[in-house]
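Novice: just coords:
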């Protein structure tokens with residue numbers, strides 16, 4: 001089994017769109033997912049966004065692969081904070097459920113860290129919904145800790 005993570009190109013946009021849309025379908029079924037999907041989703045039209053950010057140095061767009069088949073997607077961006085330090089934020093991280101627990105997520109996350117560190121990022125943020133215990137455990141096992149909780153009251 002060959003597991004990998006590679007930088008996406010413009011040729012990968014149809015697959016990126018498909019994996020992103022699948023990630024959003026999975027997200028809305030999670031606790032807090034519907035509001036998150038509306039508030040934090042990448043901007044539409046998603047095809048045009050992917051076409052532009054695959055060429056933008058402030059963004060990293062990855063495909064996670066299993067035997068050269070795309071089974072995951074990760075999108076991260078590099079932002080400057082108010083004091084000009086940099087922070088990498090993972091906007092999308094998704095591995096198709098049948099391809100989980102074999103190392104695709106680790107490959108994607110490792111590629112993000114490897115990309116962010118030499119660009120001067122002081123850290124990497126990944127948002128996780130409260131019911132996504134497996135994702136939280138995966139991130140904690142990769143050295144991540146919670147630094148912010150967002151409380152919400154539905155009206």
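Specialist: It's in. Fair warning: this is a prediction, and the values are worked out from it, not measured in the lab.

Novice: what's the helix or strand for residue 82?
Specialist: Using DSSP states H and E, no element contains residue 82; it sits outside every helix and strand.

Novice: now it: how far from residue 22?
Specialist: Residue 82 sits 35 Å away from residue 22, taking CB to CB, to the nearest Å as the criterion. To be clear about C-beta, it is placed using only N, CA and C from the backbone, and glycine gets the same treatment.

Novice: go on, residue 140?
Specialist: According to CB to CB, residue 140 stands 25 Å off from residue 22.

Novice: Kindly report the same for residue 108.
Specialist: Here residue 108 is placed at a distance of 15 Å from residue 22 (CB to CB).

Novice: And for residue 66?
Specialist: Distance, residue 66 to residue 22, using CB to CB: 15 Å.

Novice: And for residue 39?
Specialist: With distances taken as CB to CB, residue 39 is found 19 Å from residue 22.

Novice: who has more neighbours, residue 108 and residue 22?
Specialist: Neighbours per residue, other CB atoms under 10 Å: of residue 108 and residue 22, the larger number sits with residue 108, 27 against 14.

Novice: so that one makes contact with residue 5?
Specialist: Yes. Counting by CB atoms under 8 Å, residue 108 touches residue 5, with 4.8 Å between them.

Novice: Common neighbours of these two, please.
Specialist: 62, 64, 72, 74 (CB atoms under 8 Å, 6 or more residues apart in numbering).

Novice: For the second one, grab phi and psi.
Specialist: Comment: the main-chain dihedrals of residue 64 come out as phi -90, psi 130, following degrees, to the nearest 10.

Novice: Go ahead and confirm it touches residue 75.
Specialist: No. If you go by CB under 8 Å, residue 64 and residue 75 don't touch, sitting 11.7 Å apart.

Novice: Longest helix in the protein, by number of residues?
Specialist: The single longest helix within the chain, with elements called by DSSP state H, is helix 13-28.

Novice: From residue 151, how far out is residue 93?
Specialist: The gap separating residue 93 from residue 151 is 23 Å, by CB to CB.

Novice: With residue 55 instead?
Specialist: Note on residue 55: its distance to residue 151, by CB to CB, is 38 Å.

Novice: quick one: contacts for residue 73?
Specialist: The neighbours of residue 73, taking CB under 8 Å, 6+ apart as the test, are 8, 16, 19-20, 23, 61-64, 92-94, 108.
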